[in-house]
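Undergrad: Sequence plus the predicted model coming up.
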2 protein chains.
Amino acid sequence: MVNIVERNTAQSWEELLLKARAAEARGMKLVAVQGLGFVGCAVVAVVAAAQLPNGQPRYFVIGVDVATPEAQRRIACINAGVAPIASPDPELPKLLAEGRERGNLVATSDPRAFGLAETVLIDINLDVTRMSTQAPGNIELGLESFSSAIKVVGSHMNPAALVIVETTVPIGGCEKIVQPILASELAARGSLEPPRVAHAYERVTPGVNYVRSIRSFYRTYSGMDEVSAKLAGDFLGTIVDVESYPLRQVSSTRASEMAKILENSYRAANIALIQEWTVLAEEVGVNLFEVIESIRVRKGTHDNIRQPGFGVGGYCLTKDSFLAQFSAATLFGSGVKLEMTMRAMEINYAMPLHSVARLLELLDGSLAGKAVALFGVSYIADVGDTRNSPSEQFVDKVKALGAEVRVHDPAVEGWRERPEIPFCAGMEEAARGADAVVFSVPHKAYLSLQAADLKAMVGKRGALLDANNLFGDGVALELRAAQWRVAGVGKGHWRAARFHQA
Amino acid sequence: MVNIVERNTAQSWEELLLKARAAEARGMKLVAVQGLGFVGCAVVAVVAAAQLPNGQPRYFVIGVDVATPEAQRRIACINAGVAPIASPDPELPKLLAEGRERGNLVATSDPRAFGLAETVLIDINLDVTRMSTQAPGNIELGLESFSSAIKVVGSHMNPAALVIVETTVPIGGCEKIVQPILASELAARGSLEPPRVAHAYERVTPGVNYVRSIRSFYRTYSGMDEVSAKLAGDFLGTIVDVESYPLRQVSSTRASEMAKILENSYRAANIALIQEWTVLAEEVGVNLFEVIESIRVRKGTHDNIRQPGFGVGGYCLTKDSFLAQFSAATLFGSGVKLEMTMRAMEINYAMPLHSVARLLELLDGSLAGKAVALFGVSYIADVGDTRNSPSEQFVDKVKALGAEVRVHDPAVEGWRERPEIPFCAGMEEAARGADAVVFSVPHKAYLSLQAADLKAMVGKRGALLDANNLFGDGVALELRAAQWRVAGVGKGHWRAARFHQA
C-alpha cells in the first residue's frame, strides 16, 4: 500500500484550473470522476489514456474525492502517478504514471472541479447498511452519503454536462434518486432543463486484468433520455475497445441497473446452490469437483456451474442482491419477494461455518486449546483484497470455540479487518506446531505444496482441511499414510471407506 | 404416432434365437436394451448402426420391453423398422428402418433375450411417485416396478455380462438397488461373482437432434469395479463419436449418478431463479429478456443464465432433483436438506400460475365465462412431447376460474393428457372469438404471426398474453393501437407508462 502525501502532489485550485483550461485549448474534453476507490482509481487511469486518432490525449481527467485522510491519500497517489490500491495488474500504476507524465490526469478534493467537466462519472460506493433476507422493508442502504455526494455534483456541475452513474444502484436509482437530486440542485441554480443522466455499470474485476476489465470488456448502458444515452454511448466508445466488445444499449436505466444486480445475483445464487450439493456430496462420499468438471463440458448450457469453496467475499456478491429486494419494497412499493435470491445470501453468509464444522470433525469435536493455522485471508486468489472476506467469519467462529488462530496470506501485507489475529509473514511460522492447517484461498504460492512440505512445516502429526480444492488425492493419501487427518470441502470421497483403503 | 401391430412383425423366440446365433457367427456381439420408450427406442437404433472398421455391423441388438399393449406396440414398431414415438428427427426412423433392413435389430417381450447378451443396457423409467419439497423422508420413487425390471434382467442374464444403467437413478442407486438385486438373482442361479454393473447416463434431447444427442455428445460413465468401468468405456467408445466428444470416466457410480441429477437440478434451479426476477421485472417495468440478453455476452461465466417463460415440463427437470433429496434421506440416512433445489421445484411447479395471474389482470380480474385460446401444449418448441407439460396446470386453473378453453399445437395430433379439452386443428378455429389468446410455446409456426394475423384470427378486439417471448414490441404496440390488451411474461416494459405512450 503506497502512502504518499507530499506537498508537491497537492493541486491548488488555481493550478488545476490553469491546467484544465490549457488542456481545453489543446482540444481535450474535460472529464471528472467522483470517487477514487477500487473502481474510480482505475477509471481515471483508463480515461486519461484514451487517445484521439492523431495520438493526442482525448481527455483531461480530474479525479475528485472527499477530504477525509484516506481520500486525501488516494488523491495524493493519483497526483504522484502511483496506484492508491495494491493490484497485481502492472497496467494500473503504468497508466497512472503516464497520466501524470502527460499532464492530463490530476486529482483534487475541490468540488468545483465538477463544474469544469463535460462528462462526470460517478464511481462512489452505495453500501447496504442493513441486510435482511426475511423482511424486505428492513433492508437499508447508505443513501445519505450517496445522496450527499450526488448533491455535491449537482451543486457544481455544468447543467449541460452528462452524468454517467457507474455505481451499482438499486433498480430505479437513477430515476428516483440521482436525477431528482441533480434536478433540484440545478433548479436552485436556475436551470430547469432536466439533467442528463446515464447509467453504465462497470464490470471491474480485481486481479491481473484490472485495467483490461474496463477497457476490453462488454459494457451495458442506458440513458434517462435519448440524448443522454447517445452521449454515454459516444463517451464509452472512446474508452472501451468496442470493435472487440460492442457496447449494448438497453432501453431504460432501470434495465441496466437490473442487469448489473442480476448478473451478480445469478453468480451468488449459483454459488449457494452448489453449497447445498457440497454438503450432500460429503454425506454420500462423492468428489463434487470431479462431478462438476464432468458437467462443465456442456458449453453454453452447463459451463457456468460453480464449484465448492470456502465462502463468498468482496464488495459486490455479498450485497448486490439486497439492492434488488430493496428496490421492490422501498422504491416501487411492491410485495415481490426474491426468495431464492435471498436464501442464497443466507447460504453464502453461512458458508464459512461449514468449514468450521469440517474442522471440528477433524479435531474430534473440540477446538478448545487447539492451534489452527489459516492460509488465505483475501477473498480471491492472488489478489490482495480482503473486503468482506469469508475468513473473517471463519476465524471469529474458530476463536469463539476456543482455538488459537494464526493466519498467512502471500497477497496482503496484513489483515486490515482483523488486526488482532497474528499475521505471519512466512508459511512455516504460521504452520509450526499447528493442530490443523486450513487452506481457504487457492493462492499460487500454496498450490505447489506437497505432503512432505506440509509435514515439514507443521513438524508434527497434524490435520489438513482443504477448504478450496488446493490439493489432489495424492497429497491427501500421503498425509493419511503418515496418520494425518484430512478433509476437504466438497471432497466426499476423502471421507469414504474406499479412499481410506486406497 | 405410428400404430403398427401386424402379425408379421412379431418375433417368435425361436426366430430370434436363430437370428442372434447367426449374427454371432458373423462376428457380431449381442446387446440387449431394456425399455423401448423415449430413450430406449433411440438407443437400439444407434447401437444397431455401430460399425466395425470393415463396415460390417458391430452388434446384434435386441430391444426388450414388457407385455403391456403399449409396450407391444413399441416392440412391433421396432420390428417393423418404424419409430414408436413422434420425433422431428428424421434420423430416428431412418436408423430403425436400416436396422430392420440389415437384420441386426429386433425387439421382443421375451426376457430370455437378456440371457443372450454380452451387454445389457437399462433404459427403463424410474419415476418419482410422491414428491415432497418439505419432508425429504416423504419422497417416494417407483422402486417396485424398477426393481422388478432389474430382477427380470438378473434372472436371465449371463453372469459375465455387463449391465449398463442409463436410467436416471438416485445417488447410490447402482450400489444399493441395482447390484444387490442382480447379485441376489445370480446367486439364486449359483453364480457368486459380483455382477458387472456400470452407470452411464444418457443426455438424450428431444427435438431434431434426437439421434445426434446420443451419438455425438459427451458421456460420463463409471463402473462398480475397474473391469465394469473398462468394459463400459469400451462399449460407449463404439457408439459415441469419442474423437469429438471424449468420454469422461468418474471414480464411482455415485459420482455419475449425482452428475446426471445435478446437471438437471442446476438447470431447474436456474429457471426458478429467473422466475423470481420475472415477477420483479414486471413490477418495475423492465423487459427482462433485454436484460438477460445483455448479461449473456459474458461467455463462460454468465451465458447459461435462463430466461422468463411459461413453465417447466418434460420427464427430467420436473423430477430429477427429488432423486437427490431421496438419496440423502432414504439411501444414506442423512439429514441434508437441499433447500434451494427443493424451493426451485416449488417455484417451477407454480410457474404456469403466474401466467394465469397475468391473464386475470388482462381480463379485469375475472375469467368467468371468458373464452381462452391456448397456443402450445407440448413442453418444448417444435417437439411433440407433452409429458408434464406446464399447459396442464394452466388450463386446469383457467377452467377452475370459469373460463372456456380451447387449445392448439402444431407439434402434436392431440393432447393425450387432457383429452377433454377441445383440441383445434387450425389456429383460426382456436382463436375465433376468443377473449384472450395465450401463446405458451415458441413453435416456429407461431413466430411469424403478425398483429394483423392475430386481429384477423380472433375477429374482435381481444387480449394477448405472450407467455414465452414469441412477439416483439411492434406486434404489441400495433395491437394496443387497436385497443387490444397485451401482456407478456417477463415484459415489464409492456406495462410501463412509457410503452403505453409510445
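TA: Perfect, thanks for sending it.

Undergrad: On the pLDDT front, check residue A:206 for me.
TA: pLDDT recorded at residue A:206 is 85.

Undergrad: Quick one: neighbours of it, just the number.
TA: Using other Cβ atoms under 10 Å in any protein chain shown, residue A:206 has 23 other residues around it. Backbone N, C-alpha and C define where each C-beta goes, glycine included.

Undergrad: how near is residue A:112 to residue A:42?
TA: Separation of residue A:112 from residue A:42 (Cβ to Cβ, to the nearest Å) stands at 24 Å.

Undergrad: Compare those two and say which is more crowded by neighbours.
TA: Taking other Cβ under 10 Å, residue A:112 and residue A:42 do not tie; residue A:42 has more neighbours (29 against 13).

Undergrad: Residues in contact with the helix or strand harbouring the more buried one: which ones?
TA: Taking DSSP states H and E as the criterion, residue A:42 maps to helix A:40-49. For helix A:40-49, the external contacting residues (Cβ atoms under 8 Å, 6 or more residues apart in numbering or on different chains) are A:31, A:33-34, A:36, A:57, A:59, A:61, A:63, A:65, A:74, A:77-78, A:83-85, A:92, A:95-96, A:98-99, A:102, A:104-105, A:107, A:121, A:123-124, A:166, A:202, A:204, A:210-211, A:214-215, A:239.

Undergrad: What of stretch A:202-220?
TA: So stretch A:202-220 is contacted by A:38-39, A:42-43, A:45-46, A:87-89, A:91-92, A:95, A:123, A:166, A:200-201, A:236, A:239-241, A:244-250, A:256, A:259-260, A:314, A:380, A:382-383, A:385, B:294-295, B:297-298 (Cβ under 8 Å, 6+ apart).

Undergrad: okay, now residue A:448: neighbour count?
TA: Residue A:448: 8 surrounding residues under other Cβ under 10 Å.

Undergrad: my guess is residue A:112 contacts residue A:13, does it?
TA: Yes: between residue A:112 and residue A:13 there is a contact at 6.4 Å, judged by Cβ atoms under 8 Å.

Undergrad: Can you list phi and psi of residue A:406 for me?
TA: Main-chain torsions, residue A:406, degrees, to the nearest 10: phi -130, psi 150.

Undergrad: Quickly note the distance from it to residue B:145.
TA: To residue B:145, residue A:406 is 58 Å away according to Cβ to Cβ.

Undergrad: Please apply the same query to residue A:278.
TA: Distance, residue A:278 to residue B:145, using Cβ to Cβ: 33 Å.

Undergrad: Among the contacts of helix A:40-49, name the ones in helices.
TA: Members of these lying in helices (criterion: DSSP state H): A:74, A:77, A:78, A:92, A:95, A:96, A:98, A:99, A:102, A:214, A:215, A:239.

Undergrad: count of residues packed around the closest residue to the fifth one other than its chain neighbours?
TA: So that's residue A:95. Nearest non-adjacent residue to residue A:95, counting by Cβ to Cβ, 6 or more residues apart in numbering or on different chains: residue A:45, 3.8 Å away. The number of residues packed near residue A:45 is 29, by other Cβ under 10 Å.

Undergrad: And for residue A:284?
TA: The burial count assigned to residue A:284 is 27, neighbours taken as other Cβ under 10 Å.

Undergrad: which residues does it contact?
TA: By Cβ under 8 Å, 6+ apart, the residues touching residue A:284 are A:492, B:171, B:172, B:254, B:258, B:327, B:328, B:331, B:332, B:334.

Undergrad: before we move on, which element is the fourth one in?
TA: If I follow you right, that is residue B:254. Element membership for residue B:254 (DSSP H and E) is helix B:253-284.

Undergrad: Report all helices and strands that the helix or strand following that helix contacts.
TA: Where DSSP H and E defines the elements, the next helix or strand beyond helix B:253-284 is helix B:288-295. Other elements packing on helix B:288-295 under the criterion 3 or more Cβ pairs under 8 Å, 6 or more residues apart in numbering or on different chains; DSSP states H and E are helix A:253-284, helix B:253-284.
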